[in-house]
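[1] Just a sequence and a predicted model for now, questions to come.
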Amino acid sequence: MRLAALALGLALGGCPSGSRPCGEEDASAERCAARPGAAARCEAASCAWACLPGRLDCDGDLGLPEGNGCEVDTSSDAAHCGACGRACGALPGVASRCVEGSCAFACAEGRGDCDGDLAGPGSNGCETPVSSSALHCGECFHPCETSCSAGLCSGETPRCALFADVATRPTTTALATDGARFALVFNDFVGGGLWLAGVDARARPATTPRRLASVRSHDRFAVAWDGASFVVAWTDTLNGPWVWLQRFTGPQLSPVASAERLVLPAMPWGLALSGRAGALLLWTVTSSDGRENQVALLTPAPAFRAVTLADTANHVLGLAGVPGGWLALYPAEDGDAGVRAPRVQVLEADGTPRGAPLSLPFDAAAPLTPRLCTLGDAALLLGVADAGTAALALDADGGAAGGVERVDPPATLGLGLAGHGTGATALLVSGTPTALAAWVRPLDARGAPRGPATLVATLPSMRGASLAATEVGTLVAWVRPRFGVEEAAVEVAFVDGAGAVWRACP
């Protein structure tokens with residue numbers, strides 16, 4: 001009988017001290033002493049114990065009078081992972097652990113598996129010291145042009161990820177401000193989510209991130225302030241030719257109402273949004289070549305209608321609200337050469353084009369996309385002129401309100417622009433694709449620099465940058481990819497009026 005019970009995973013034993021025997025007249029297992037990780041029952045006038053799921057008796061004393069039960073949790077014990085004696089082996093630079101009965105290996109702090117053999121037989125573990133390797137600095141395949149220390153290339157801005165618990169691979173960001181608060185919108189390629197969060201003037205999270213929708217990586221989104229609420233717009237190509245709009249207000253960016261769906265005549269390829277007090281204009285591109293556009297003034301009953309601008313390739317690059325209407329910035333093919341020269345088109349209050357587009361004194365063949373922003377009752381344009389970065393103030397009719405102002409340091413990789421009541425801030429990104437520097441510089445109403453440039457970050461890579469400016473400073477957001485892995489992080493920095501840079505991390 002005892003051998004048969006053991007074969008069934010049971011252990012029979014006498015009565016431990018302090019307990020009474022079970023028998024025919026009393027078959028209750030309550031007479032059997034409790035043992036850790038085991039269930040007891042009365043079996044043929046003797047106590048019997050069986051290990052609970054995930055527990056094993058690896059020291060073999062379950063049936064002995066003073067046994068310690070099923071003492072091993074095989075779901076988490078690295079010395080007995082999934083079975084007695086199955087140890088998770090030690091590998092160089094590796095922290096091993098047992099997860100749900102299977103051995104899991106992760107590189108220890110400051111180490112990396114850059115040859116990719118960690119999960120294979122004969123692994124050499126996490127062989128690379130990523131804390132000091134100039135070829136793999138901080139992570140595999142992140143080379144330094146100089147030296148590596150504490151996982152950072154010499155001069156590199158330390159990592160400071162925000163909202164990493166909800167977005168493991170964001171691709172771009174969008175920012176807006178009401179003059180005091182900042183609304184940040186970002187996406188996640190892995191989870192497919194579109195998120196909204198508040199950020200304060202010290203670059204710290206001010207609200208819990210709110211998931212707005214499920215989107216594809218190529219879906220476009222934007223956020224703007226209309227004088228009463230933040231409005232987020234996003235395309236929804238997974239489900240149809242749709243654009244969704246939703247308003248948020250209050251300290252926690254609470255939704256004013258449910259999201260509203262607008263239906264386009266074709267799938268949207270691009271999206272731009274601009275707000276001014278009491279009005280919002282939404283522009284969408286509905287053809288891959290940019291020749292077909294739809295515009296909607298977001299009144300209580302918004303509806304799209306077709307808009308055609310002069311020349312071709314007329315997808316809009318930026319919108320700016322001005323008294324009585326809007327200004328639209330777009331690239332137009334210039335003559336037979338196929339060069340796309342920037343144009344400005346004046347729009348009526350409802351988005352209808354007014355007059356002919358205006359040419360601009362900017363380099364048509366420049367590789368950087370020019371930027372446009374609202375500036376008080378007018379607008380400001382940032383682009384490339386005479387092989388340097390330059391700004392030009394525009395009046396409400398799209399005409400030049402002054403001369404071209406040079407803005408240094410010259411940008412070679414990217415531009416950004418955000419206006420506020422009395423001026424604007426330019427984002428200037430320069431360097432090489434593997435070692436870039438992002439600067440911000442305050443501009444006056446004419447576009448002339450009114451203070452020194454401030455270095456915001458020195459990074460190996462940056463994408464999806466956005467900025468929003470107030471009278472007291474500028475918030476900049478960007479996505480920082482990680483080399484060698486399918487991960488990235490949202491990072492932000494606030495530059496105050498004195499040029500000090502604030503980040504959430506110490």
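    Thanks, I have it. Residues are numbered from 1 along each chain as shown.
[2] helix or strand for the closest residue to A201 other than its chain neighbours, which one?
    Using CB to CB, 6 or more residues apart in numbering and skipping the chain neighbours, the partner closest in space to A201 is F494 (5.5 Å). Bear in mind the C-beta positions are built from the backbone N, C-alpha and C, glycine included. Per DSSP states H and E: F494 is located in strand 488-496.
[3] Please apply the same query to L392.
    strand 388-394.
[4] Only the buried residues of that strand, if you could.
    Buried residues in strand 388-394, defined by neighbour count with 16 or more other CB atoms under 10 Å: 389-394.
[5] closest to T286 among those?
    Ranked by distance to T286 (CB to CB), the buried residues of strand 388-394 are led by L394 at 26.9 Å.
[6] That closest one: what's it in contact with?
    Contacts for L394 (CB atoms under 8 Å, 6 or more residues apart in numbering) come out as 320, 327, 344, 378-381, 400-401.
[7] hmm, 7 Å instead?
    327, 344, 378-381, 400-401 (CB atoms under 7 Å, 6 or more residues apart in numbering).
[8] Pull out the buried residues from those residues.
    Among the contacts of L394, those buried by neighbour count (16+ other CB under 10 Å) are 327, 344, 378-381, 401.
[9] in the stretch 301-450 of the chain, which spans are helices?
    In the stretch 301-450 of the chain, no helices are found when defined by DSSP state H, counting those that start in this stretch.
[10] Any stretches of it with poor pLDDT?
    Residue ranges of the stretch 301-450 of the chain with pLDDT under 70: 301, 311-314, 334-339, 365, 433.
[11] cutoff 50 now
    Low-confidence segments of the stretch 301-450 of the chain (pLDDT under 50): none present.
[12] swap in the chain?
    Ranges of the chain meeting pLDDT under 50: 1-9, 12, 14-20, 24-25, 27.
[13] That one - how does it break down into domains?
    Following automatic domain parsing, the chain resolves into domains at 2-73, 173-502.
[14] Export those domains as JSON lines, with columns for distance to T128.
    Below are those laid out as JSON lines (distance: least, CB to CB, whole Å):
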{"stretch": "domain 2-73", "distance to T128": "33"}
{"stretch": "domain 173-502", "distance to T128": "11"}
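[15] Wasn't A197 part of a strand?
    Yes. Assessed by DSSP: H, G, I helix; E, B strand; the rest coil, A197 belongs to a strand.
[16] Do I have it right that it meets R211?
    No. In this structure A197 lies outside contact range of R211 using CB atoms under 7 Å: 10.3 Å.
[17] hmm, back to that, I figured the residue nearest to A201 hits R202, correct?
    Yes. Using CB under 7 Å, F494 is in contact with R202, at 6.0 Å.
[18] of these two, who's got more company?
    Remark: of F494 and R202, F494 carries more neighbours, 23 against 15, as counted by other CB atoms under 10 Å.
[19] What's the local residue count around S229?
    For S229, using other CB under 10 Å, the count is 21.
[20] likewise T432?
    A count of neighbours around T432, defined by other CB under 10 Å, yields 11.
[21] and it, what are its bridge partners?
    A435 (DSSP bridges).
[22] Ok, F105 next?
    Going by DSSP bridges, F105 forms beta bridges with S96.
[23] Remind me which helix or strand F248 belongs to.
    With DSSP H and E as the criterion, F248 is inside strand 242-249.
[24] in its sheet, what does that strand sit against?
    Here strand 242-249 is paired, per DSSP bridges, with strand 230-235 (antiparallel), strand 254-255 (antiparallel), strand 260-263 (antiparallel).
[25] most neighbours per residue, which of these?
    For the strands paired with strand 242-249, the largest average neighbour count (mean count of other CB atoms under 10 Å) is found in strand 230-235, namely a mean of 25.
[26] Extract the C-alpha set from that strand and format it as PDB.
    Extracted in PDB, the C-alpha atoms of strand 230-235 (Å, rounded to 0.1, in the frame of the first residue of the first chain):
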ATOM      1  CA  PHE A 230      -6.700  71.100 -25.700                       C
ATOM      2  CA  VAL A 231      -7.900  69.400 -28.900                       C
ATOM      3  CA  VAL A 232      -6.200  66.100 -30.000                       C
ATOM      4  CA  ALA A 233      -6.800  64.900 -33.600                       C
ATOM      5  CA  TRP A 234      -5.600  61.600 -35.000                       C
ATOM      6  CA  THR A 235      -6.100  59.500 -38.100                       C
END
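[27] Now tell me what touches that strand from outside.
    In contact with strand 230-235 (CB under 7 Å, 6+ apart) are residues 176, 183, 185, 194, 196, 212-213, 215, 219-224, 243-249, 253, 268, 271, 273, 275, 280, 282.
[28] Out of the residues you listed, list just those in strands.
    176, 183, 185, 194, 196, 212-213, 221-224, 243-249, 271, 273, 275, 280, 282 (DSSP state E).
[29] Enumerate every residue touching R55.
    Counted by CB under 7 Å, 6+ apart, R55 has contacts 37, 70, 72-74.
[30] What is the nearest of those to S46?
    Of the contacts of R55, the one sitting nearest to S46 (CB to CB) turns out to be C70, at 18.1 Å.
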